[in-house]
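Novice: Next come a sequence and a model predicted from it.
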Amino acid sequence: MHLEQPTRLVCHEGDMDDLVARLSIHRLDVVFSDTPLNPSMKVRDYSLLLGESSVELMGIAKLIEPLRRGFPGSLDLAPMLLPMNNTVLRRSLDAWFKDQNIRPDIRGEFADVAMLKIAAQSGAGLIAVPSIIADEVRTMYNLETLGAIDGIVERFYAISVERKLKHPAVVAISDLAKQRLRTSE
């Protein structure tokens, strides 16, 4: 937003197949995703890893205080707010819960990350947040960190029809993301 040439961003959220199709016909300049492009897709797009972040559990103080002792085992039957099943983070969380022998009390599943955070702010349950944005989530939603989830990382990709990003705004966003992701751990 602070480039020499004024820039107008138009952001879309949607199904990955639809977004990549729109990207391949140049209706979008870039797709930011938590997964690289699926090799089975018959399009000539490129996935650039911007970086990764560890993940932590957050919630309101009243909810997390009794869970601090014995973490992560204390999460058994704890109220959780989770992303939808079609996300990498959800699949990673489900596997982690199983490995830890934790049966979360799933109080909600969300496609919209902002709604997930608002529900957590109301005290409905714990949420998993990439560490890179934990400070912002803490400030904006008055949530606290319960603990890190060992072994889970969120990866961030820029998917483009070009091997090398060229659009000035896309390059600026990607460069900033790489810088923040590199220094967040």
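Specialist: Sure thing, it's come through.
Novice: What segments of this structure are helices?
Specialist: Per DSSP state H, the chain carries helices over the ranges 16-24, 61-64, 88-99, 113-121, 134-141, 168-183.
Novice: in terms of contact, does A120 touch R138 like I think?
Specialist: No. Applying Cβ atoms under 8 Å, one finds A120 not in contact with R138, separated by 11.3 Å. Heads up, the C-betas are built off the backbone N, CA and C, glycines and all.
Novice: Helix or strand with the lowest mean pLDDT in this structure?
Specialist: None of the helices or strands of the chain scores lower by mean pLDDT, DSSP states H and E than helix 168-183, at a mean of 75.
Novice: Which of the residues in that one are classified as buried?
Specialist: A169, V170, I173, S174, A177, K178, L181 (16 or more other Cβ atoms under 10 Å).
Novice: So V88 sits against E52, correct?
Specialist: No. Using Cβ under 8 Å, V88 is not in contact with E52, being 11.2 Å away.
Novice: The lengthiest strand in the chain packs against which elements?
Specialist: Criterion DSSP state E: the longest strand present in the chain is strand 144-160. Applying 3 or more Cβ pairs under 8 Å, 6 or more residues apart in numbering; DSSP states H and E, we find strand 144-160 packed against helix 16-24, strand 31-33, strand 46-59, helix 61-64, helix 88-99, strand 127-130, helix 134-141, helix 168-183.
Novice: No further questions, thank you.
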